[in-house]
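Return a 3D structure for these sequence lines:
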Amino acid sequence: MRVWTGSQARSVRTALGRLARWADARCGPVPTLPRESGVTLIEVLIAVTLLSLLSVVILLSMRAGLGAMGKANEKLLENRRVVSVQRILEQQLAGLIPAMADCQVPDGPPARMLFFQGEPRSMRFVSTYSLQEGLRGYPRILEFQVIPGDGGEGVRLVVNEHLYTGALGAGFFCLGPQPDPLTGAPVPVFRPIQVGPASFVLADRLAGCRFLYRERQPPPALYRWVDRWILHFLPEAIRIEMAPLDEDLSKLQPVTLTAPVRILRDAGAPYVDQ
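Reported below is the predicted structural model:
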């Protein structure tokens with residue numbers, strides 16, 4: 001075996017280095033294989049679990065937000081309905097007309113009388129305001145009735161609308177004057193109010209609802225509220241008492257409404273120009 005001296009070994013290393021630089025210049029650097037990298041199965045399971053938990057939290061947050069928004073919208077709609085009912089009742093009472101009716105009396109000529117029915121659970125009069133046309137349409141005969149609620153829970157207030165065609169058409173709804181069983185004085189008698197599919201529900205789920213009428217009195221009383229109107233002129237004011245069945249302080253509730261009748265004219269008295 002040949003033994004290399006120190007100078008010879010250095011010459012060989014120098015020659016090999018030059019050869020390697022020449023090869024790099026000619027062919028480029030020799031590529032080196034990268035080290036293998038990856039994840040373990042446990043790391044994959046942890047990542048999937050964290051992603052699943054994050055997705056569940058996001059879905060629960062969205063569900064809670066949508067539920068809160070739905071409840072807020074429901075309460076807002078209920079509040080708007082209560083406010084709209086109050087406004088409708090005020091407009092209907094403010095548009096009251098002192099109309100007359102030719103009531104058909106058996107075996108006799110028609111009896112002309114004031115068209116106004118005032119009872120504790122029923123009320124009927126002519127108004128310029130209607131649900132269909134507002135203040136822009138023809139006068140309507142409004143029929144208010146308090147009926148039992150669904151399932152016998154509480155009561156509800158409904159209203160019917162009929163086109164007012166004059167005293168003769170309004171006479172269909174009345175039966176003429178008859179003696180009052182208490183006072184014996186002649187009082188107007190009307191047909192019962194019929195509630196059907198065309199009836200509009202103004203207020204529902206009420207613990208109670210009734211109509212009161214203000215009657216003028218001599219001093220010192222000045223006035224009193226009665227639950228039955230039998231006089232031949234209009235009352236000074238009309239009160240609709242409503243109490244909610246379910247008291248919830250977080251939303252608006254139906255309240256008692258009192259509306260003055262701003263009509264001083266006696267519908268049955270003749271008026272002539274002076």
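
What are the boundaries of the helices in this protein?
Under the criterion DSSP state H, helices of the chain are mapped to 6-27, 41-94, 167-170.

among these, which is nearest Gly118?
Taking Cβ to Cβ, helix 41-94 is the member of these nearest to Gly118, at 12.2 Å. Quick note: C-beta positions are derived from backbone N, CA and C, even for glycine.

Show me what that closest one is packed up against.
Where contact means 3 or more Cβ pairs under 8 Å, 6 or more residues apart in numbering; DSSP states H and E, helix 41-94 is packed against strand 200-216, strand 257-260.

The shortest one - what's its average pLDDT?
By that I understand strand 257-260. Mean pLDDT, strand 257-260: 92.

residues in contact with that strand?
Strand 257-260 has contacts (Cβ atoms under 8 Å, 6 or more residues apart in numbering) with 86, 89-90, 93-94, 236-240, 242.

May I see the buried residues of it?
Neighbour-count burial for strand 257-260, counted by 16 or more other Cβ atoms under 10 Å, picks out Ala259.

what's around Leu41, how many residues?
If you count neighbours by other Cβ atoms under 10 Å, Leu41 ends up with 7.

ok, now which ones touch the residue nearest to Ile97 when sequence neighbours are not counted?
Excluding the flanking residues, the one nearest Ile97 by Cβ to Cβ, 6 or more residues apart in numbering is Val126, at 4.5 Å. Shown in contact with Val126 (Cβ under 8 Å, 6+ apart): 96-97, 99, 115, 139-142, 164, 170.

among these, which ones are buried?
Buried members of these, counted by 16+ other Cβ under 10 Å: 96-97, 99, 115, 139-142, 164, 170.

Would you format the contacts of strand 257-260 as TSV with neighbour count included?
TSV is the format used below for those (neighbours: other Cβ atoms under 10 Å):
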residue	neighbour count
Gln86	18
Leu89	22
Glu90	15
Leu93	22
Ala94	15
Glu236	15
Ala237	17
Ile238	24
Arg239	17
Ile240	24
Met242	23
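
Leu252: which of those residues is nearest?
Leu252 lies nearest to Gln86 out of these, by Cβ to Cβ, at 9.0 Å.

Could you measure from that closest one over to Phe211?
Counting by Cβ to Cβ, to the nearest Å, the gap between Gln86 and Phe211 amounts to 16 Å.

pLDDT score assigned to the residue nearest in space to the middle of the chain?
Residue closest to the average C-alpha location in the chain (Cα atoms, centre = their mean): Arg81, at 3.1 Å. On the pLDDT scale, Arg81 is placed at 79.

Please apply the same query to Pro192.
pLDDT, read off for Pro192, is 92.

picking that back up, looking at the contacts of Val126, spot the one nearest Ser61.
So of the contacts of Val126, ranked by how close each gets to Ser61 (Cβ to Cβ), first place is Leu142, at 50.0 Å.

Flag every buried residue along stretch 70-86.
82, 85-86.

ok, back up a step: for the contacts of Val126, which two are the farthest from each other?
Farthest-apart pair in the contacts of Val126 is Leu96 and Ala170; separation 13.8 Å (Cβ to Cβ).

Can you tell me how far the closest residue to Gln178 other than its chain neighbours is from Ser130?
Nearest in space to Gln178, with sequence neighbours left out and distances taken as Cβ to Cβ, 6+ apart, is Val189 at 4.8 Å. Separation of Val189 from Ser130 (Cβ to Cβ) stands at 26 Å.

Which residue of those two possesses the greater neighbour count?
Remark: of Val189 and Ser130, Ser130 carries more neighbours, 24 against 15, as counted by other Cβ under 10 Å.

show me what contacts the closest residue to that one other than its chain neighbours?
Counting by Cβ to Cβ, 6+ apart, Arg140 is the residue found nearest to Ser130 once chain neighbours are left out, at 4.2 Å. Neighbour list for Arg140: 126-130, 161-164 [criterion: Cβ under 8 Å, 6+ apart].

Lowest pLDDT pick from those residues?
Across the contacts of Arg140, the smallest pLDDT goes to Ser130, namely 88.
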